[in-house]
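Colleague: Need coordinates for the following:
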Amino acid sequence: MKETSPIKILIVDDDKKLCRLVGEYLAPMGYAVEAAHTGMAGLEMALAGDYHAIILDIMMPGMDGLELLKELRKQSDVPVLMLTARGDETDRIVGLELGADDYLPKTFSTRELLARLRAVTRRSVNALRRPQPSVRDETLILGNLHINKTSRTVRLDAETLNLTALEFDLLTCLAEAAGRVLSRDQLLDFVSGRSYEVFDRSIDVHISSLRRKLKDDSRQPRFIKTVRSVGYKFADPADPAS
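Modeller: Down below sits the predicted model:
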């Protein structure tokens, strides 16, 4: 029987003991963990290596995690799990807006680390294993918004939008269900392929960032509408009421 290749993880943290403990914990579960202890070294390894996900600490000397993430997103959409100080909401929000896929408090349990890591790696692992389509491009056209699912590009009027991988998946999920309300749980399940044991509101931050890139006014949205206490829906261009 053919062995499954290990899932490659890069952890960028100046705490060498933490990096070693994470590597020792994940190794028996099929993960190959490499470590970098400075932001610059982490950025170089992230861009040069073929990693399925990156665990990234925010607080590091020199180039911190947020600066690293900003530079990384210019060239890569590898899933990123941010490590943040407990209760530091500002860092979490900034990290998500810069393109992080999820976050974890620095005082995490190994069980939660594994759950969140499985969630963010599922997309990248499946993408690598999925055969490339040989058919013509599949494009969703909703008024002046074009979503090319094959090339994973989005055009609004004549402008190509710079979306993170998670934002693209959210937009595609909403657009394919145009006119129907999707709950936060449904959106989280679609983009991560998991059922949350601990629910968070990070989906709202990603929607906010997506709206900004779509130039969508949340008070009078053209595309993504908020359904109070439920979730979101994409306006159906074929429905006059939308």
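Colleague: Stretch 210-220: end-to-end distance?
Modeller: Start-to-end span of stretch 210-220 (Cα to Cα, to the nearest Å) is 15 Å.
Colleague: Next SSE downstream of the helix or strand of the chain with the lowest mean pLDDT?
Modeller: Here the helix or strand of the chain ranked lowest by mean pLDDT, DSSP states H and E is helix 110-129, holding a mean of 74. Using DSSP states H and E, the helix or strand that follows helix 110-129 in sequence is strand 139-142.
Colleague: Now do that next one: everything it contacts.
Modeller: 146-150, 172, 175-176, 178, 223, 234, 237 (Cβ atoms under 8 Å, 6 or more residues apart in numbering). (Each C-beta comes from the backbone N, C-alpha and C, glycine too.)
Colleague: Adding neighbour count and secondary structure, write the residues you listed out as TSV.
Modeller: Below are those laid out as TSV (neighbours: other Cβ atoms under 10 Å; DSSP: H, G, I helix; E, B strand; the rest coil):
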residue	neighbour count	secondary structure
His146	15	strand
Ile147	21	strand
Asn148	17	strand
Lys149	15	coil
Thr150	12	coil
Thr172	20	helix
Ala175	20	helix
Glu176	15	helix
Ala178	17	coil
Phe223	23	coil
Phe234	25	strand
Pro237	16	coil
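Colleague: Quick one: which of those residues has the lowest pLDDT value?
Modeller: Within these, Pro237 has the lowest pLDDT, namely 60.
Colleague: downstream neighbour of whatever helix or strand Asp91 lives in in the secondary structure list?
Modeller: Assigned by DSSP H and E, Asp91 belongs to helix 89-98. Once helix 89-98 ends, the next helix or strand along the chain (criterion: DSSP H and E) is strand 102-105.
Colleague: what are the pairing partners of that following strand, and which direction each?
Modeller: Strand 102-105 has the following strand partners under DSSP bridges: strand 80-84 (parallel).
Colleague: Run through the helices of the chain in chain order.
Modeller: 16-26, 39-48, 65-72, 89-98, 110-129, 165-176, 184-192, 202-213 (DSSP state H).
Colleague: and the first one, what does it pack onto?
Modeller: Packed against helix 16-26, as judged by 3 or more Cβ pairs under 8 Å, 6 or more residues apart in numbering; DSSP states H and E, are the following elements: strand 7-12, strand 31-36, helix 110-129.
Colleague: And for the second one, what's in contact with it?
Modeller: Judged by Cβ under 8 Å, 6+ apart, the contacts made with strand 31-36 from elsewhere in the structure are 6-13, 16, 19-20, 22-23, 26-27, 42, 44-45, 49, 51, 117.
Colleague: again, only using 7 Å
Modeller: Residues from elsewhere that reach strand 31-36 (Cβ atoms under 7 Å, 6 or more residues apart in numbering): 6-12, 19, 22-23, 26-27, 42, 45.
Colleague: swap in stretch 170-182?
Modeller: Stretch 170-182 has contacts (Cβ under 7 Å, 6+ apart) with 140, 142, 147, 149, 154, 163, 187, 190-191, 206-207, 210, 224, 227, 230-236, 239, 242.
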